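Q: sequence? don't have it. structure:
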């Protein structure tokens, strides 16, 4: 099974890209659990909520994983790790451990070249460049296989498809 993460800062088209890639490859995708969770709790989230979100996301991915050869994941442990560090200055050990285990064969790091779109769950429009650097540094630090996906609309999708095709060819 090939698990591909769509990662990066807020408002970079991760959800759209995950859905489009799954459709293109006739594969499965796992939506971002955080959105569902945060919409449901009806209160400000806490440090511990981020751990619950990461655990549920991982559980849901692992529920789908045995039934598919290719899974596109709309978030990963990079997201929850950076989220914890930016918001609380620390990260849960469970998230750190799962991040180091690297459950993804390829990370598609979404560039910040798309215009910011307001959403009540998004928090840091002024930190896009800094956050992008944090993602890139984290992926580099762990030596994860990643590609930076840029472009608008169909160009973004075509760039991502090219990277996925390259990965799938090399994995044969």
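A: Good, I have the coordinates. Just so you know, these numbers come straight off a predicted model, no measurement behind them.
Q: For residue 25, give its distance to residue 135.
A: 23 Å (CB to CB, to the nearest Å). C-beta here means a position set from N, CA and C on the backbone, and glycine is covered the same way.
Q: which of those two has more neighbours?
A: More crowded of residue 25 and residue 135, by other CB atoms under 10 Å: residue 135, with 23 against 18.
Q: Look up how far residue 75 lies from that one.
A: Distance from residue 135 to residue 75, by CB to CB: 12 Å.
Q: list residues touching both of those two?
A: Overlap of the contact sets of residue 135 and residue 75 (by CB atoms under 8 Å, 6 or more residues apart in numbering) consists of residue 7.
Q: now the residue positioned nearest the centre of the chain, nearest residue through space, not along the chain?
A: In the chain, the residue lying closest to the centroid (CA atoms, centre = their mean) is residue 75, at 2.4 Å. Residue nearest to residue 75 in three dimensions, not counting chain neighbours: residue 32, with 4.5 Å by CB to CB, 6 or more residues apart in numbering.
Q: How about the backbone phi and psi for that neighbour?
A: As for residue 32, its main-chain torsions (degrees, to the nearest 10) stand at phi -70, psi 120.
Q: Surely residue 8 is in contact with residue 110?
A: Yes: counting by CB atoms under 8 Å, residue 110 is a contact partner of residue 8 at 3.6 Å.
Q: Show me where this structure has its strands.
A: Assigned by DSSP state E, the chain shows strands spanning 2-7, 28-30, 70-73, 106-110, 146-149.
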